[in-house]
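>>> Could you look at this predicted model? Sequence included:
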Amino acid sequence: MRSHGQAAWELLLPSVDAPARQRGRALQEALREAVRSGRLAAGTRLPSTRELAADLGVSRGLVTEAYEQLTAEGYLRSGRGAGTWVGEAARARRTDRTGAVDGRLGPGAGGGAPTLGARAPAPAPAPAPVGGAVGVRVDFRPGTPDLSLFPRAAWAAAQRAVLTRLSHPALGYPDPRGLPELREALAGMLARRRGVVADPERLVVCSGVAQASTLLGFVLRARGLDAVGIEDPGSPEHGRLFASTGLDTVWLPLDEEGLRPEPLAASGVRAVVVTPSHQFPSGISWSAGRRAVLLDWARAVDGYVLEDDYDGDFRYDRAPVGALQGLDPERVVYAGSVSKSLAPGLRLGWTLVPEALLGEVVERKRTMDLGNPVLDQAVLAELVTRGGYDRQLRRCQRAYRERRDALLGALAEHLPGTRVSGIAAGLHVIARVPALFGPPERFLARAAEAGVALRPLEDYGTARPADGDVRLVIGYAHLAPSAVTAGIRLVAEAVGRE
Ligand SMILES: Cc1ncc(COP(=O)(O)O)c(C=O)c1O
């Protein structure tokens, strides 16, 4: 066991010079960076929170919070009362940029065709239609943010500023990776908010997580892969998107910590798509242990992980757990978008690509559409750099937290005994309504007759529990608190036993 020395902590000192409000975040980022770069090696024991706080001249609470945050993300590990160590999960950042990545995935690499387990069946239903279906009074189907929160005034102001400033040549064909100013702005924002390793040179602006998935799918298919693993339960969109690139999809079962290690190892796939910060739809946040297992697996099979960070900014009880990509940027393709924070109709997102895949992904993007529209990119860059995007996230965060509270309150009052699982985050919850209100078919039919659209959890995976409980994926973010409460009351009246 290595022991810590005073000198090692000097590398954290600059972080405590940050303004008081940013000091905690700066300390966390400095610790992450020290682990990633290898300056704090795996197995290094960290000083106690009291010692480090005294060394750095900051409050003990700040250090405790940093240790807890980085332990949740997998950078550190701790035993009860036994101290905190640097974990093994983080892969030191590669300095060699020649593209000769260790274990490059190529056609025929890794022992031929995967031996596949359960192939995923036909994809589940598409997301709820925007605007609601005819006869629907309250639509609880998940997937849509509150579109009335779109910052029209800020967007219009940014658009005016951009049109005034943009040169004529800037309206020509863009770099297929995206406008340099947007890539710079996003890289800074993602490093700060999500703890990713964000090199603007490796960031590709694209039309949402959806296009990030198809770009990666085509690249992996061209490299000889024939299947990708998807979470069970998971987003139906993942299966559909990868299927469109010619890849088969294989269900990989989850438990309450993340993907189960044995089925993953036995699946034969060498690429998976996951939602570790806030698993869709189960709502769990992957444990640090499972994050480490997944990255070990990716290295062992010479494979890749697509991290879909679709709603990672919205966490209501604590700071969001940082992205998996930060632990190994050469194995994790990170993807996100403005679909939950601004509007899905913008079709604007980003992907951070490992060096080994970058050239192929950029060439796919070029041949697919020659790059995203320049004006929208410039407007988003303006919003991000001038603070408007952070303001928008704070506004949505406040609104969605209130709606989630309204939903939990309404479920407790009108459908007593209902259990809500998953972390306090995102735009939806999983609710397990007791069997006395069921069975599920009757429950859903009665709710539909009352004008309430609901989606059962079984739409998202293979599990078919026979206990009679009604498992629902309830989207609440697009509904006013009063509509949330009214909707649950309608359901309760419709399903109540006379
Ligand atoms: C879990 C998840 N990821 C990604 C997407 C697609 O996101 P985007 O609009 O960024 O393409 C969806 C949309 O339904 C989703 O539910």
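Nice, thanks for sending it over. All values reported here derive from a predicted model rather than from experimental measurement. Numbering: from 1, shown residues only.
>>> wait, what's in contact with Pro261?
Contacts for Pro261 were tallied using CB atoms under 8 Å, 6 or more residues apart in numbering; they are 290, 293, 297. C-beta coordinates here come from the backbone N, C-alpha and C atoms, glycine included.
>>> Please spell out which residues along stretch 211-222 are buried.
211-221 (16 or more other CB atoms under 10 Å).
>>> Closest one of those residues to the ligand?
Minimum distance to the ligand across those is 6.7 Å, recorded for Gln211 (CB to the nearest ligand atom).
>>> Apart from its neighbours in sequence, what residue is nearest that closest one?
Of all residues not flanking Gln211 in the chain, Gly349 sits nearest, at 7.0 Å (CB to CB, 6 or more residues apart in numbering).
>>> partners of the one you found in the sheet?
As for beta bridges, Gly349 partners with Cys206, Ser337 under DSSP bridges.
>>> check contacts around it.
205-212, 335-339.
>>> Tell me the residues of the chain that contact the ligand?
For the chain, the contact set with the ligand under CB under 6 Å from any ligand atom comprises 127, 143, 208-210, 235, 237, 275, 280, 308, 310, 337, 339, 344, 349.
>>> Filter the residues you listed down to the buried ones, PyMOL style.
Buried residues among the residues of the chain next to the ligand (16+ other CB under 10 Å), as a PyMOL selection:
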select buried, resi 143+208+209+210+235+237+275+280+308+310+337+339+344+349
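>>> Out of the residues of the chain next to the ligand, name the ones that lie in strands.
Judged by DSSP state E, the subset of the residues of the chain next to the ligand located in strands is 308, 337, 349.
>>> what sits against the second one?
Going back to what we said before, that points to Ser337. With CB under 8 Å, 6+ apart, Ser337 has these contacts: 208-209, 310, 344, 348-350.
>>> mind running it again at 6 Å?
Taking CB atoms under 6 Å, 6 or more residues apart in numbering, we find Ser337 in contact with 208-209, 349.
>>> mind listing what Val321 touches?
72-73, 277, 285.
>>> how near is it to Asp309?
The gap separating Val321 from Asp309 is 11 Å, by CB to CB, to the nearest Å.
>>> shared neighbours, the two?
Ser277.
>>> So which residue is smack in the middle of the protein?
For the chain, Asp309 is the residue whose C-alpha lies nearest the centre (CA atoms, centre = their mean; 1.8 Å).
>>> would you say His389 is within a strand?
Quick fix: residue 389 reads Tyr, not His. No - counting by DSSP: H, G, I helix; E, B strand; the rest coil, Tyr389 falls outside a strand, being helix.
>>> Can you add distance to Ala425 and give the contacts of Gly349 back as a markdown table?
Formatted as a markdown table, those follow (distance: CB to CB, whole Å):
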| residue | distance to Ala425 |
| --- | --- |
| Val205 | 26 |
| Cys206 | 24 |
| Ser207 | 25 |
| Gly208 | 20 |
| Val209 | 17 |
| Ala210 | 21 |
| Gln211 | 24 |
| Ala212 | 21 |
| Ala335 | 18 |
| Gly336 | 15 |
| Ser337 | 17 |
| Val338 | 18 |
| Ser339 | 16 |
